[in-house]
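Visitor: Sequence and computational prediction follow.
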Amino acid sequence: MKRKVVAKIPNLGKRAIVVGAGLGGLSAARVLSDYFDEVMILDRDELPDDAIPRPGVPQGKHAHLLLAGGLKALENLFPNLGNELMRTGAEPIDPGFDILIEDSGRDIWPKIKFGRSTYSMTRPLIERVLRRYVERIENIKVRGGCRAHNIISESKARAATGIQFQMVDGSRETIKSDLIVDASGNGSLTVEFLKSTSRRPPEETSIGVNIRYASALFERSHICDDYKIVSSLPSAREETRGGVIVAAENNINQVVLAGRGKDIPPIDGNEFLSYARQLRTATVYNAIKDA
Ligand SMILES: Cc1cc2nc3c(=O)[nH]c(=O)nc-3n(C[C@H](O)[C@H](O)[C@H](O)COP(=O)(O)OP(=O)(O)OC[C@H]3O[C@@H](n4cnc5c(N)ncnc54)[C@H](O)[C@@H]3O)c2cc1C
């Protein structure tokens, strides 16, 4: 008879620090909690109880899509995440049935039930749900209002040994750590640490995107044929504007208008509508014009 071998999880140290309580930081902390006695997450923002945008994640006001692969990966770390998202109001999405993509020169895909779902919700909601999971893990501590200032190292600069951070009242604190994960979203802490310890920072490649978004929330407005998500794409080169609607929690729609180059989408309400009216297809405008 074969004996079942249960892998013993090695203990890698006393404390790990994760800088950033975004999706990357929360996921990293969840994994590290299996290997360290204590995991501390530090975020510069005071973390809100509600699912609302916050300054440290400015992109959080724009519509986000959680693709099915992303959901699967997150469910490996946070069991039952899909159900939990739905319980908090996220919309189940069948990509074959609920998404309308209006691309120039291509037919509309037939509506076919794939039977596999992902969920749509605002970026703050998914973060709030993940943070609740993490806060329930005994050896993880989440500290908001702590802006990491720099990574510190021991005298010979062989290794990073802790973090110095600043709290909202301006006071500074230093915490030692066996491992530091920089999930601050832009990597500048790591780059500064490499420079300050005479190491070469990684090479950078810059790619100009030159697209601007204007986003707004509308009370749930009806998209034709009961679609939950629509993407109206421009005919590339000649046209510069596109629009997206993504259903979200609390019966709202996230509406994004995008412009390329000098075609900047407006943020004034009336101008927003008139910009939407000039998209290549009428679907987005029709869905929001009376909302
Ligand atoms: C307009 C836009 C639309 C997008 N749409 C999608 C989408 O549809 N689907 C998708 O999967 N992705 C999308 N993305 C990408 C997605 O937003 C990012 O990949 C994701 O948020 C990265 O997560 P993160 O945890 O690495 O970083 P972030 O979410 O940026 O989190 C970084 C965290 O670090 C904190 N922080 C920063 N500096 C410090 C410091 N010094 N000390 C302490 N804390 C600090 C911040 O407060 C924040 O909480 C979009 C991005 C943009 C800009």
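Guide: That came in fine, so what should we check first?
Visitor: residues near the residue in the stretch 151-291 of the chain that the ligand sits nearest to, how many?
Guide: For the stretch 151-291 of the chain, the residue closest to the ligand is residue 185, as judged by C-beta to the nearest ligand atom, at 2.8 Å. In short, each C-beta sits where N, CA and C put it, glycine included. Residue 185 has 16 neighbours, counted by other C-beta atoms under 10 Å.
Visitor: can you check residue 169 too?
Guide: 6.
Visitor: so which strand or helix has it?
Guide: For residue 169, there is no host helix or strand (DSSP states H and E).
Visitor: Report pLDDT for it.
Guide: Note for residue 169: predicted pLDDT of 95.
Visitor: that older thread, and the residue of the stretch 151-291 of the chain closest to the ligand, what does it touch?
Guide: 20, 22, 24, 56-57 (C-beta atoms under 8 Å, 6 or more residues apart in numbering).
Visitor: Just put the residues you listed in JSON lines and tack on pLDDT.
Guide: Formatted as JSON lines, the contacts of residue 185 follow (pLDDT from 0 to 100):
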{"residue": "20", "pLDDT": "98"}
{"residue": "22", "pLDDT": "97"}
{"residue": "24", "pLDDT": "97"}
{"residue": "56", "pLDDT": "97"}
{"residue": "57", "pLDDT": "97"}
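Visitor: Next step: these restricted to helices.
Guide: Judged by DSSP state H, the subset of the contacts of residue 185 located in helices is residue 24.
Visitor: which of the contacts of residue 185 are close to the ligand?
Guide: 20, 22, 24, 56-57 (C-beta under 6 Å from any ligand atom).
Visitor: Now the buried members of the residues you listed.
Guide: Among those, those buried by neighbour count (16 or more other C-beta atoms under 10 Å) are 20, 22, 56-57.
Visitor: quick revisit: which of the ones next to the ligand among the contacts of residue 185 sit farthest apart?
Guide: Greatest spatial distance in those: 24 and 56, 12.4 Å, computed using C-beta to C-beta.
Visitor: can you tell me the residue of this structure closest to the ligand?
Guide: residue 56 (2.0 Å).
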